[in-house]
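>>> turn this into a structure:
(one chain, ligands or ions: 1)
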Amino acid sequence: MKPTPSSKLSSLPPYLFVRLHALKLQAQAAGHDIIDLGQGSPDLPSPPNVVAALKRAIDQPWTHRYPQTQGQPQLRVAIADWYQRRFGVTLDPESEVLPLVGSKEGLAHLFMALLEPGQGVLVPNPCYPVHYNGVILAGGKAHLMPLREKLGFKPDLGAIPAAEAEGSKVLLLNYPNNPTGAVLEDLSLLERALVFSREHGCLIAYDNAYSELCFDGYKAPSILQLRGAKEHAVEFHSLSKTYSMAGWRIGFAVGNANAIAQLGKFKGFLDYGIPGFIQQAAIEALTGPQDCVAAAAQAYQRRRDVLIKALAAIGWKVPVPRATMYLWARLPERAGKMGSLEFAERLILEHGLVMTPGVGFGPHGEGFVRISLIADDRELEQAAQRVGRFLKKL
Ligand SMILES: Cc1ncc(COP(=O)(O)O)c(C=O)c1O
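Take a look at the predicted model:
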């Protein structure tokens, strides 16, 4: 028996990071010691008070039972309180907060909960892969909004063809942006998005996974800070980046009560939510001391500066992002006509250095690579030297 994949599944190539991992193993087998700046998986340890809270919680047998999809009431309150402190926005923990098994899960399931077959979603491109793949797996149609460097990697909402604007159920936005590192300098794009949402009757799904990883004094906004935004928007957050808890699998959605209810209903058929002991630890993360958050942002900022300097020294000038944990770099001139996939594959196989090819984030990512700041300063400097050796050989 050889089951064939559904047409939705077969229309997608294997998940990018699965493919990069296979190349990495190949390079390792060939004797390279690997520097992995591929996936955005924080290397910083989870905060010790959170780890201690997990250890305490796991000793309590009630946390071993099936959790509720909606999450523990205490966790929903902790999320609402965190939101109030961070953004000055009041949320009803009962109807406007939904814990998630990571925001990736929530984003993918939102599309499945909302879309009719073939229905449109306006998706930025390049994008975090689930913004696109989630739509396809939900049987929807992704209408790509190019993020161009000359527009600061912001979509031009005015340029969206009328049929796509009318036919789309969701408008997805993500700032601070993965992969480009772009941030919102002001609220004008969000204001325009709300007008667009009112005009065309689509929900805004705002991915704010990197809201806390900001540099040089920049502070990322929430779309829910805009007047009336709860009518139109649901926002996604992740503890993966904020508290370096990527492997724990916990995030949350907040905002529009209808979207939260539909996502919660859909998830109720699929999952039991987050293990109870992880929820208890997440409460500690959100309500305990927050210096770990500033410390993580500072660490990424320092690494950003170290790597940008080291890359400049080998002749590769890379823009300075004000948030996220990524550099988004145009391929160096010496790479000539090489595509981003070939560039990244050769770096892995010939030099044991993993970066993510821009095209892996969609067609508008071609010509770029994304470099994750997930190694210490020394390794980042070594990474730049490896790029230097690679470019010299070309
Ligand atoms: C923009 C963006 N949204 C969501 C996620 C998923 O985060 P989580 O670990 O909460 O599923 C990521 C992970 O890299 C991301 O870059």
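
>>> all contacts plus neighbour counts: C-alpha atoms, from now on.
OK.

>>> number of nearby residues for His364?
Here the number of neighbours of His364 (other Cα atoms under 10 Å) works out to 19.

>>> over to Ser41?
Other residues lying near Ser41 total 17 when counted by other Cα under 10 Å.

>>> ignoring the adjacent residues along the chain, who's closest to it?
In space, not counting the residues next to it along the chain, Ser41 is nearest to Ala246; the distance is 6.5 Å by Cα to Cα, 6 or more residues apart in numbering.

>>> tell me the residues of the stretch 201-350 of the chain that contact the ligand?
Proximity of the stretch 201-350 of the chain to the ligand, by Cα under 6 Å from any ligand atom, involves residues 207, 209, 238, 240, 246, 250-251.

>>> if you set the cut-off to 8 Å instead, what comes out?
By the rule Cα under 8 Å from any ligand atom, the part of the stretch 201-350 of the chain lying against the ligand is 207-210, 236-241, 245-247, 249-252.

>>> residue contacts, Leu115?
With contacts defined as Cα atoms under 8 Å, 6 or more residues apart in numbering, Leu115 is in contact with 138-140, 169.

>>> among the residues you listed, which ones are buried?
When neighbours are counted using 16 or more other Cα atoms under 10 Å, those contain these buried positions: 138-140, 169.

>>> ok, of those, which one's closest to the ligand?
Set against the ligand, the nearest of the buried ones among the contacts of Leu115 by Cα to the nearest ligand atom is Ala138 (17.2 Å).

>>> now do the strands in the stretch 251-394 of the chain.
251-255, 326-330, 353-354, 356-357, 368-372 (DSSP state E, counting those that start in this stretch).

>>> need those strands in a markdown table with mean neighbour count, can you?
Rendered in a markdown table, the data for those read as follows (neighbours: other Cα atoms under 10 Å):
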| stretch | mean neighbour count |
| --- | --- |
| strand 251-255 | 27 |
| strand 326-330 | 22 |
| strand 353-354 | 26 |
| strand 356-357 | 26 |
| strand 368-372 | 27 |
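
>>> for the ones you listed, which one sits closest to Gly201?
When the strands of the stretch 251-394 of the chain are ranked by distance to Gly201, counting by Cα to Cα, first place goes to strand 251-255 at 16.4 Å.

>>> reformat the strands of the stretch 251-394 of the chain as JSON lines; add mean pLDDT and distance to Gln301.
Formatted as JSON lines, the entries for the strands of the stretch 251-394 of the chain read as follows, by pLDDT from 0 to 100; distance: least, Cα to Cα, whole Å:
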{"stretch": "strand 251-255", "mean pLDDT": "98", "distance to Gln301": "23"}
{"stretch": "strand 326-330", "mean pLDDT": "98", "distance to Gln301": "10"}
{"stretch": "strand 353-354", "mean pLDDT": "98", "distance to Gln301": "20"}
{"stretch": "strand 356-357", "mean pLDDT": "96", "distance to Gln301": "20"}
{"stretch": "strand 368-372", "mean pLDDT": "98", "distance to Gln301": "12"}
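
>>> check contacts around the closest residue to Lys317 other than its chain neighbours.
Using Cα to Cα, 6+ apart and skipping the chain neighbours, the partner closest in space to Lys317 is Leu311 (6.6 Å). For Leu311, the contacting residues are 317-318, 384-385, by Cα under 8 Å, 6+ apart.

>>> which of those residues tops the neighbour count?
Most neighbours among the contacts of Leu311, by other Cα under 10 Å: Ala384, with 22 neighbours.

>>> can you get me a residue count around the closest residue to Ile274 other than its chain neighbours?
Closest residue to Ile274 apart from its sequence neighbours, by Cα to Cα, 6+ apart: Val101 at 5.6 Å. Here the neighbour count serves as a burial measure; for Val101 (other Cα under 10 Å) it reads 19.

>>> check contacts around Val101.
By Cα under 8 Å, 6+ apart, Val101 lies in contact with 249-252, 273-274.

>>> what do you get if the cut-off is 10 Å, keeping everything else the same?
For Val101, the residues meeting the contact criterion (Cα atoms under 10 Å, 6 or more residues apart in numbering) are 69, 238, 248-252, 271-275.

>>> from those residues, pick the one nearest Ala163.
Distances from Ala163 to these, taken by Cα to Cα, are shortest for Phe252, at 32.0 Å.

>>> sorry, back to before: and of the contacts of Leu311, the nearest to Ala261?
Within the contacts of Leu311, the smallest distance to Ala261 is 42.8 Å, found for Val318 (Cα to Cα).

>>> give me the pLDDT for that closest one.
With respect to pLDDT, Val318 scores 98.
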